[in-house]
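*Asks:* below are the sequence and a predicted model for it; my questions follow.
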Amino acid sequence: MASVPHTEIKRICCIGAGYVGGPTCSVIALKCPHIIVTIVDLNPARIAAWNSEDFALPIYEPGLEDVVRQTRGRNLFFSTEVDKAVQEADLIFVSVNTPTKTSGVGAGYAADLNYVESATRHIAQVATSSKIVVEKSTVPCRTASSMRTILESNSRPGCHFDILSNPEFLAEGTAIADLYNPDRVLIGALDTPEGAAACAALSSVYANWVPKERILNVGLWSSELSKLAANALLAQRISSINALSAICETTGADVREVAHAVGLDSRIGSKFLRASVGFGGSCFQKDILNLVYLSESLHLPEVAKYWRSVVDMNEWQKLRFAKTVVDNLFGTITNKRIAVLGFAFKADTGDTRESPAITLVKSFVAERAKVAVYDPQVSHDQIWMDMQSACSTPKQELSKQLTLHTDAQSTFAGASAIVVVTEWAEFASPNFDWEGAFAAMTKPAFVFDGRGIVNGARLREIGFKVVTIGRGENL
Ligand SMILES: NC(=O)C1=CN([C@@H]2O[C@H](COP(=O)(O)OP(=O)(O)OC[C@H]3O[C@@H](n4cnc5c(N)ncnc54)[C@H](O)[C@@H]3O)[C@@H](O)[C@H]2O)C=CC1
Ligand SMILES: O=C(O)[C@H]1O[C@H](OP(=O)(O)OP(=O)(O)OC[C@H]2O[C@@H](n3ccc(=O)[nH]c3=O)[C@H](O)[C@@H]2O)[C@H](O)[C@@H](O)[C@@H]1O
């Protein structure tokens, strides 16, 4: 095949200044001082936060502020001027949201590609020169083909678009470390000279800091499917260990010992085997449901059922934990105060999307408990928004049962139980004032550890009754 020389990338535009676009392109700007990176978004409040003088960035991510401080105004810019940034760029990342559809065909399963499509149409409409368009969002297999059709059908004469798939594998809370040192960068391209040239151009951007052997070039469809597959396999491990946690609780086995023992088998590996209240976050559930939808569309009902069970197990785990709380508190939590520690879906993020805390607090509210919530990062506005929507109840009504706190200790006064939902370091710290908590609570005082992070022996010495997920010798 004749080769085509690749474009030297001088200007990058990223459409979508969210959890992926923001950190990813900030790190590109840091590692590639010779490239001008402009991150654009339709949401002016989000862009204003990225540009805020006191660096009150719209997302909390360890290390991110430092990267933005070093690059903003140098070769990194945040803007709402989408057209200008698109026109000036050689390469455009499409990093917009792809939530699960809530209505119409595939509702509850399929990805809503409306944002990807309108960003793509917009590129075609305003671009005045050829571009490399990179699918950064997580999308169903063969979305690149739809993007190509939209671009080709709407472009101005003389404008040519090459499409690449470059899914993102960062995890929230460790995004900057993940971007600095990725296990791999996956780039999918069409098997054509133009595809290879576009792939080489993007590879050369990453090659500024990622070792060449970790930059993987594959076909477009493999790249798209690999992203869904990676999330599905990661989530499947959590559902597997959570299924085992239920067996541990009734047999006297300890899920941490089981995870350690099986994880030492190099074929299994030790990561992603922490039993929990269930996985949360904006992507695992959405991407698996997307895979379920894809399987069903391909007339593979057994495959669909297999992946569906990973999500079903996760739902069951969350509700099982909520029931454990009620069962141990003598079958009722009506009017009892339940202190909930943590609301984010995992530690080191302020993100609450699909957080197990939402399901747990909702079920405690349904049992007519008084729920007191503390999270070190999540804003109270966000918690009210999540809970009003989950309970379909206005704030005024909800506030009769739900209070939000700015410190852990104030949640404990008169509480019957503490429920640890997020694995914030603060709750696992030896300095955490468990004695103070015990003194403030009604007796017997319970701790339900949904993350296996508290020191059960120490808490029992203080007088607590302790129930830890996946451990037989509870209380
Ligand atoms: N959150 C995560 O940790 C990861 C997410 N992903 C994927 O990356 C994609 C983006 O996810 P997040 O960054 O979390 O979403 P997000 O919701 O935080 O950010 C998306 C942004 O795109 C903006 N947007 C939507 N349409 C636009 C348009 N036409 N023009 C300009 N801006 C537009 C929205 O206003 C929003 O600020 C999703 O497909 C997700 O599945 C992939 C890996 C990790
Ligand atoms: O596509 C995405 O959005 C991203 O989804 C996950 O990243 P993220 O959801 O940010 O965070 P994870 O660390 O994967 O945790 C997800 C959930 O699983 C839970 N978890 C994780 C690991 C574990 O052993 N047990 C467990 O319950 C976490 O507490 C959290 O609720 C993947 O890890 C990323 O590779 C991927 O890019």
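*Replies:* Received the coordinates, thanks. Residues are numbered from 1 along each chain as shown. Ligands and ions are numbered 1, 2, ... in the order given.

*Asks:* going by C-alpha atoms from here, please, whenever you check contacts or count neighbours.
*Replies:* Fine.

*Asks:* other SSEs contacting whichever strand or helix holds residue 436?
*Replies:* Using DSSP states H and E, residue 436 maps to helix 434-440. Judged by 3 or more Cα pairs under 8 Å, 6 or more residues apart in numbering; DSSP states H and E, the packing partners of helix 434-440 are helix 456-462.

*Asks:* give the rounded mean pLDDT of the helix or strand just after the helix it packs on.
*Replies:* Once helix 456-462 ends, the next helix or strand along the chain (criterion: DSSP H and E) is strand 465-468. Per-region confidence: strand 465-468 scores 97 on mean pLDDT.

*Asks:* quickly run through the sheet partners of strand 465-468, with directions.
*Replies:* Sheet pairing here is set by DSSP bridges, and for strand 465-468 it gives strand 446-449 (parallel).

*Asks:* average pLDDT for the strand it pairs with?
*Replies:* 98.

*Asks:* contacts for that strand, please.
*Replies:* Under the criterion Cα atoms under 8 Å, 6 or more residues apart in numbering, residues 325, 416-421, 464-469 lie in contact with strand 446-449.

*Asks:* show me the contacts for the closest residue to residue 276 other than its chain neighbours.
*Replies:* Of all residues not flanking residue 276 in the chain, residue 451 sits nearest, at 5.0 Å (Cα to Cα, 6 or more residues apart in numbering). Neighbouring residues of residue 451 by Cα under 8 Å, 6+ apart: 274, 275, 276, 277, 420, 421, 422, 423, 468, 469.

*Asks:* need the residues of the stretch 51-200 of the chain near ligand 1, please.
*Replies:* 95-98, 115, 118-119, 137-138, 168-172 (Cα under 6 Å from any ligand atom).

*Asks:* dump these into CSV; add secondary structure, neighbour count and distance to residue 214 as well.
*Replies:* As requested, those are exported to CSV (DSSP: H, G, I helix; E, B strand; the rest coil; neighbours: other Cα atoms under 10 Å; distance: Cα to Cα, whole Å):
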residue, secondary structure, neighbour count, distance to residue 214
95, coil, 29, 22
96, coil, 26, 25
97, coil, 22, 26
98, coil, 21, 27
115, helix, 17, 30
118, helix, 13, 32
119, helix, 18, 29
137, coil, 24, 20
138, coil, 27, 20
168, coil, 21, 14
169, coil, 19, 13
170, coil, 19, 15
171, coil, 15, 18
172, coil, 23, 21
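
*Asks:* those strands in this protein, which residues are they?
*Replies:* 11-15, 36-40, 76-79, 91-94, 131-135, 161-165, 185-189, 215-219, 337-341, 370-374, 402-405, 415-420, 446-449, 465-468 (DSSP state E).

*Asks:* mind checking those strands for the one nearest to residue 111?
*Replies:* Closest of the strands of the chain to residue 111 is strand 131-135, at 14.4 Å (criterion: Cα to Cα).

*Asks:* what pairs with the closest one, parallel or antiparallel?
*Replies:* Here strand 131-135 is paired, per DSSP bridges, with strand 91-94 (parallel), strand 161-165 (parallel).

*Asks:* list of residues touching that strand?
*Replies:* 89-95, 144, 159-167, 198.

*Asks:* just the buried residues of these.
*Replies:* Taking 16 or more other Cα atoms under 10 Å as the criterion, what is buried in the contacts of strand 131-135 is 89-95, 144, 160-167, 198.

*Asks:* just the buried positions in stretch 65-82, please.
*Replies:* Under 16+ other Cα under 10 Å, the buried positions of stretch 65-82 are 65, 67, 68, 71, 72, 75, 76, 77, 78, 79, 80, 82.

*Asks:* swap that for stretch 362-369, please
*Replies:* So for stretch 362-369, counting by 16+ other Cα under 10 Å, buried means 362, 363, 364, 365, 368, 369.

*Asks:* that older thread, could I get the strands of the chain as JSON lines with distance to residue 177?
*Replies:* As requested, those are arranged in JSON lines below (distance: least, Cα to Cα, whole Å):
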{"stretch": "strand 11-15", "distance to residue 177": "20"}
{"stretch": "strand 36-40", "distance to residue 177": "20"}
{"stretch": "strand 76-79", "distance to residue 177": "19"}
{"stretch": "strand 91-94", "distance to residue 177": "21"}
{"stretch": "strand 131-135", "distance to residue 177": "22"}
{"stretch": "strand 161-165", "distance to residue 177": "22"}
{"stretch": "strand 185-189", "distance to residue 177": "14"}
{"stretch": "strand 215-219", "distance to residue 177": "17"}
{"stretch": "strand 337-341", "distance to residue 177": "26"}
{"stretch": "strand 370-374", "distance to residue 177": "27"}
{"stretch": "strand 402-405", "distance to residue 177": "31"}
{"stretch": "strand 415-420", "distance to residue 177": "26"}
{"stretch": "strand 446-449", "distance to residue 177": "28"}
{"stretch": "strand 465-468", "distance to residue 177": "30"}
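
*Asks:* can I get the buried residues of stretch 362-369 in CSV including pLDDT?
*Replies:* Shown next, in CSV, are the buried residues of stretch 362-369 (pLDDT from 0 to 100):
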residue, pLDDT
362, 98
363, 98
364, 98
365, 98
368, 98
369, 98
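
*Asks:* quick check, nearest of the residues you listed to ligand 2?
*Replies:* Set against ligand 2, the nearest of the buried residues of stretch 362-369 by Cα to the nearest ligand atom is residue 362 (17.1 Å).

*Asks:* chain neighbours aside, what residue packs nearest to that closest one?
*Replies:* The shortest distance from residue 362 to any non-neighbouring residue, by Cα to Cα, 6+ apart, is to residue 391 (6.2 Å).

*Asks:* where do the helices sit along the stretch 101-250 of the chain?
*Replies:* 114-126, 143-154, 175-180, 193-206, 220-251 (DSSP state H, counting those that start in this stretch).

*Asks:* quickly name whichever of the contacts of strand 446-449 is closest to residue 437.
*Replies:* Nearest member of the contacts of strand 446-449 to residue 437, counting by Cα to Cα, is residue 418, at 8.9 Å.

*Asks:* can you check the pLDDT for the closest one?
*Replies:* Reported pLDDT for residue 418: 98.

*Asks:* look at whichever residue of the stretch 201-350 of the chain sits closest to ligand 1 and say how many residues are nearby.
*Replies:* Closest approach between the stretch 201-350 of the chain and ligand 1, counting by Cα to the nearest ligand atom: residue 283, at 5.4 Å. Residue 283 has 20 neighbours, counted by other Cα atoms under 10 Å.

*Asks:* tell me the contacts of the closest residue to it other than its chain neighbours?
*Replies:* Leaving aside its chain neighbours, residue 283 sits nearest to residue 231 (7.7 Å; criterion: Cα to Cα, 6+ apart). When contacts are counted by Cα under 8 Å, 6+ apart, residue 231 touches 283, 284, 287, 288.

*Asks:* list only buried entries from those.
*Replies:* By 16+ other Cα under 10 Å, these give 283, 284, 287, 288 as buried.

*Asks:* just those: which are in helices?
*Replies:* 284, 287, 288 (DSSP state H).

*Asks:* how about the residues you listed in CSV, adding pLDDT and distance to ligand 2?
*Replies:* Below are these laid out as CSV (pLDDT from 0 to 100; distance: Cα to the nearest ligand atom, whole Å):
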residue, pLDDT, distance to ligand 2
284, 97, 6
287, 97, 8
288, 97, 11
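
*Asks:* closest one of those residues to residue 191?
*Replies:* residue 287 (26.1 Å).

*Asks:* that closest one contacts residue 232, correct?
*Replies:* Yes: the criterion here is Cα atoms under 8 Å, and residue 287 meets it with residue 232 at 7.0 Å.
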